[in-house]
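> My questions concern the predicted model and sequence given below.
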2 protein chains.
Amino acid sequence: MPAKRSPARRPTMKDIARRAGVSESAVSFALNGRPGVSEVTRDRVRRVAEQLGWRPSTAARALSGEGAATIGFVLARPADTLGVDSFFLQLVSGIQEVLAERHLGLLFQVVEDLADECAVYRRWWAEHRVDGVLVVDPRTDDPRPDLLDELGLPAVVIGGAPDERHPGLSTVWADDAGAMAAVVDGLHALGHRRIVHIAGLSGLAHTQRRIRTLRAEAGRRGLTGVESVTTDYSDAEGAAVTRRVLGAPAPPTALIYDNDVMALAGVATAAELGFSVPADVSVVAWEDSALCRMVRPWLSALSRDSVEFGRTAARELTALLDGGPARTVRVPVPRLIERESTGAARAR
Amino acid sequence: MPAKRSPARRPTMKDIARRAGVSESAVSFALNGRPGVSEVTRDRVRRVAEQLGWRPSTAARALSGEGAATIGFVLARPADTLGVDSFFLQLVSGIQEVLAERHLGLLFQVVEDLADECAVYRRWWAEHRVDGVLVVDPRTDDPRPDLLDELGLPAVVIGGAPDERHPGLSTVWADDAGAMAAVVDGLHALGHRRIVHIAGLSGLAHTQRRIRTLRAEAGRRGLTGVESVTTDYSDAEGAAVTRRVLGAPAPPTALIYDNDVMALAGVATAAELGFSVPADVSVVAWEDSALCRMVRPWLSALSRDSVEFGRTAARELTALLDGGPARTVRVPVPRLIERESTGAARAR
DNA sequence: TTCTTTCACTCAAGCGCTTTAGCGATCACC
DNA sequence: GGTGATCGCTAAAGCGCTTGAGTGAAAGAA
């Protein structure tokens, strides 16, 4: 008796065909719910397939023009910037939930910069690896939509504003402008007049939207001590900017941080400088996470459902793959969760 | 003139063959560095391929037995547990660095639990999707090694202890036991006698290794006030356990947290209870990240290079795919970075 | 009865690549 | 100058699947 050495051969349609006593084509028809076989044969084939533990070879499927059953996701970040970030993992988790239902795989890649990202798309396209991609961190002047158009690669842009110039792309976005307006509204009502926005990467589209909105809101109210400062999202820059603005002659009474990490660093820095939060300065974090409840005072934060965001994006992409039209869908505006870090501005 | 509508057909080897005036086989030989073509032909073919922007179709490659040029990575976590965690992103980033060099893709999937994870491996295997997998969070009594053996899927276990029962698997691990011993050494030298270890998930192999080591170290020194408490790694449980142990009649003077998130929550809780860190209680976080320098006092932490960890794991896997032998490689023991949260035990 | 439809299924080609077998030409050798 | 290697290349099969064309039988229409 030969040792059971070979690691379990994968069954193919041919095996099924033989066992079920039909041709391979019949098996294909049966298994794909296509007409051309009787119900009784279809059932028999299905049973045999199940019993054999058969699964279609994605390679063979892809080769015969069915697509790779895979969607791509590229994260363009220098390795050392991959810090504490709950957003992406949650986003991906939501994406997976939807993709898993349809047995779609997620090909994931981390690269250094946008140029590399574009190269990855080209490669994936040329290698037939993905049927579509999810694009994150849209920029002002983003080369990716054009490229994806050129390649004819279905894509949904996550977090972008609607883009009429690329009718082939779907977009899933939250209304940053509305959220920013609401935040400014709230702070203004609390008596804050000097507000600094410690923003994220200046190249990102949503950063610019927030900055523009803040400026507009300030203008509308005639506030002069309002500004945005862009950073790289790191705790280090968050702290540095905080130190700088709080050290100015007329320091702001409210700070809006574009992520939770900087907000945390900012609070620590404020404390070091002798500013008490929220008595001397209010703090709002744009992104809620466990972090916000891990220090006292608890951070007031803009909260959104990142997992659902991911689900929505994935659903749009599958719709696109099914031949549906490109759409622009807006997810709910993030809600401001008021905790302990915001309060009335100290009377001057 | 017809509109340039079709989204750029992908060039195939046939195209190259035609342009270069040779057969497809010759192209294959030339492009794969195989003997059978003259250097001059090889060059010509290479040039044509380059000029056409040709890339091999992974599907076709996979079908003709070359493997899928993809490796798989499953993260088994309930969606709501995907919190703030820099480790995985860094790990993945290291993995990618190595995989990208060889144009290997990373198929990534988040699932709920171990059973789902096993199902994913089976599916990937049956669908011919991956050539190998990286396994994280090894457990005590882990079903995965057996499964991967059965499927004949090359794999490297990340963070496991050497496992003689599965000679087909490579293992990349850090010596938790050594690190734990060092930490206890340090704390003991500072005068600490009552130490509580707020551990992670009890099912994880490394959790058990740390617990065992702590017990052994305590036993060796005759310390009685030493214990480990397992948690789910969340800030909530970290805080809860902290509250409980610090509220006991003879509270510990040192706390070792199995991750940075719990350590942070623990420090906050200690402060609330009126314990000053490190004067009343010292804190060590097992995992360094930006978080540890985001609160005062800065957290003393065990630091390791997660990116390099990922690289190592990926290198082992590619070696395995190249037909190399399974190996067990040990990455450097995490180093204790002493910051502000550890100090001498208060004299009683 | 004969002709057409429909049905259930089979045949065979093809997707893009690898690989084995084979073939003619050149070369070396005794 | 014949024998055998070696070289550079081509032909063709095969990987597992899909799909359009084809086929034989049963059913329905005339």
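Done, it's in.
> and the residue in the stretch 201-348 of chain A that DNA strand D sits nearest to, how far is that from DNA strand C?
Per C-beta to the nearest atom of the strand, A:Gly323 is where the stretch 201-348 of chain A lies closest to DNA strand D, at 13.2 Å. (C-beta placed from N, C-alpha, C; glycine too.) According to C-beta to the nearest atom of the strand, to the nearest Å, A:Gly323 stands 20 Å off from DNA strand C.
> what's the burial count for the residue lying closest to A:Arg19 once chain neighbours are set aside?
Of all residues not flanking A:Arg19 in the chain, A:Val48 sits nearest, at 4.9 Å (C-beta to C-beta, 6 or more residues apart in numbering or on different chains). Using other C-beta atoms under 10 Å in any protein chain shown, A:Val48 is surrounded by 21 other residues.
> cool, A:Gly310 as well?
Around A:Gly310 there are 28 other residues, counting by other C-beta under 10 Å.
> so which strand or helix has it?
Assessed by DSSP states H and E, A:Gly310 sits inside helix A:306-321.
> for A:Leu134, same thing?
With DSSP H and E as the test, A:Leu134 turns up in strand A:132-135.
> confidence score at the closest residue to A:Gly200 other than its chain neighbours?
Distances taken as C-beta to C-beta, 6+ apart place A:Asp258 nearest to A:Gly200, at 4.1 Å, with adjacent residues excluded. As predicted, A:Asp258 sits at a pLDDT of 95.
> which residues does A:Asp258 contact?
A:His197, A:Ile198, A:Ala199, A:Gly200, A:Thr207, A:Arg210, A:Thr231, A:Tyr233, A:Trp286, A:Glu287 (C-beta atoms under 8 Å, 6 or more residues apart in numbering or on different chains).
> moving C-terminal of the helix holding A:Gly310, what's the next helix or strand?
strand A:328-331.
> what comes up buried for that following strand?
By 16 or more other C-beta atoms under 10 Å in any protein chain shown, the buried positions in strand A:328-331 come out as A:Thr328, A:Val331.
> pLDDT (mean, whole number) over the very next helix or strand once past that strand?
Later in the chain than strand A:328-331, the nearest helix or strand by DSSP H and E is strand A:335-337. Averaging pLDDT along strand A:335-337 yields 94.
> and the closest residue to A:Ser170 other than its chain neighbours, what element?
Closest residue to A:Ser170 apart from its sequence neighbours, by C-beta to C-beta, 6+ apart: A:Val156 at 4.1 Å. In the assignment (DSSP H and E), A:Val156 maps to strand A:155-158.
> now do A:Leu255
Assigned by DSSP H and E, A:Leu255 falls in strand A:254-257.
> for A:Pro145, same thing?
Using DSSP H and E, A:Pro145 falls in helix A:144-151.
> Pull the residues that contact that helix.
In contact with helix A:144-151 (C-beta under 8 Å, 6+ apart) are residues A:114, A:117-118, A:121-122, A:125, A:133, A:135, A:138, A:155, A:157, A:163, A:165-166, A:168-169, B:7-8.
> Sort out for me which of these are in strands.
Judged by DSSP state E, the subset of the contacts of helix A:144-151 located in strands is A:Val133, A:Val135, A:Ala155, A:Val157.
> how much space is there between the residue nearest to A:Gly200 and A:Leu302?
Separation of A:Asp258 from A:Leu302 (C-beta to C-beta, to the nearest Å): 10 Å.
> try A:Glu237
20 Å.
> Can you pull the poorly scored residue ranges out of chain A?
Along chain A, the parts satisfying pLDDT under 70 run over A:1-8, A:79-84, A:347-348.
> can you map out the strands along it?
Counting by DSSP E, the strands of chain A are A:70-76, A:105-111, A:132-135, A:155-158, A:170-174, A:195-199, A:226-230, A:254-257, A:282-286, A:300-303, A:328-331, A:335-337.
> Tell me the helices and strands packed up against the second one.
Here strand A:105-111 touches strand A:70-76, helix A:86-101, helix A:114-126, helix B:86-101, strand B:105-111, going by 3 or more C-beta pairs under 8 Å, 6 or more residues apart in numbering or on different chains; DSSP states H and E.
> do the same with the fifth one
Contacts of strand A:170-174 with other secondary structure elements, assessed using 3+ C-beta pairs under 8 Å, 6+ apart, are made with strand A:155-158, helix A:306-321, strand A:328-331.
> For chain A, what lies in contact range of DNA strand C?
Proximity of chain A to DNA strand C, by C-beta under 7 Å from any atom of the strand, involves residues A:21-26, A:29, A:35-38, A:40-42, A:60, A:63-65.
> Narrow those to just the buried residues.
A:Val22, A:Ala26, A:Phe29, A:Val37, A:Thr41, A:Arg42, A:Ala60, A:Leu63.
> can you tell me which of the residues of chain A next to DNA strand C are up against DNA strand D?
A:Glu24, A:Ser25, A:Phe29, A:Gly36, A:Ala60, A:Leu63, A:Ser64, A:Gly65.
> coming back round to it: using neighbour counts, trim the contacts of A:Asp258 to the buried set.
Here, 16+ other C-beta under 10 Å leaves A:His197, A:Ile198, A:Ala199, A:Gly200, A:Thr207, A:Arg210, A:Thr231, A:Tyr233, A:Trp286, A:Glu287 buried among those.
> now the residue nearest to A:Arg19: how far from DNA strand C?
13 Å.
> contacting residues for that residue?
Contacts of A:Val48 by C-beta under 8 Å, 6+ apart are A:Ile16, A:Arg19, A:Ala20.
> any idea which of those residues is closest to DNA strand C?
Checking the contacts of A:Val48 one by one against DNA strand C (C-beta to the nearest atom of the strand), the nearest turns out to be A:Ala20, at 8.7 Å.
> residues in contact with that closest one?
Going by C-beta under 8 Å, 6+ apart, A:Ala20 touches A:Ala26, A:Val27, A:Thr41, A:Arg44, A:Val45, A:Val48.
> Now intersect those residues with the helices, please.
Residues of the contacts of A:Ala20 located in helices (DSSP state H): A:Ala26, A:Val27, A:Thr41, A:Arg44, A:Val45, A:Val48.
> can you list the residues of the stretch 51-200 of chain A near DNA strand D?
A:Trp54, A:Arg55, A:Pro56, A:Ser57, A:Ala59, A:Ala60, A:Arg61, A:Leu63, A:Ser64, A:Gly65, A:Glu66.
> now A:Leu91, nearest residue through space, not along the chain?
A:Gly310 is the one closest to A:Leu91 (C-beta to C-beta, 6+ apart), at 4.1 Å.
> OK, contacts around the one you found?
If you count contacts by C-beta under 8 Å, 6+ apart, then A:Gly310 has A:Gln90, A:Leu91, A:Val92, A:Ser93, A:Gly94, A:Ile95, A:Gln96, A:Glu97, A:Val98 around it.
> Check A:Ala161 too.
Applying C-beta under 8 Å, 6+ apart to A:Ala161 gives the contacts A:Pro138, A:Thr171, A:Trp173, A:Ala205, A:His206, A:Arg209.
> of those, closest to B:Gly222?
A:His206 (58.9 Å; C-beta to C-beta).
> got a list of what the closest one touches?
By C-beta under 8 Å, 6+ apart, the neighbours of A:His206 are A:Pro138, A:Gly159, A:Ala161, A:Asp176, A:Gly200.
> if we can go back for a sec, got CSV for the buried ones among the residues of chain A next to DNA strand C, with distance to chain B too?
Output for those, formatted as CSV (distance: C-beta to the nearest C-beta, whole Å):
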residue, distance to chain B
A:Val22, 21
A:Ala26, 21
A:Phe29, 20
A:Val37, 23
A:Thr41, 23
A:Arg42, 21
A:Ala60, 6
A:Leu63, 4
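> In TSV, list those along with distance to B:Glu338.
Supplementary listing: those in TSV, determined by distance: C-beta to C-beta, whole Å:
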residue	distance to B:Glu338
A:Val22	72
A:Ala26	71
A:Phe29	69
A:Val37	72
A:Thr41	72
A:Arg42	69
A:Ala60	57
A:Leu63	58
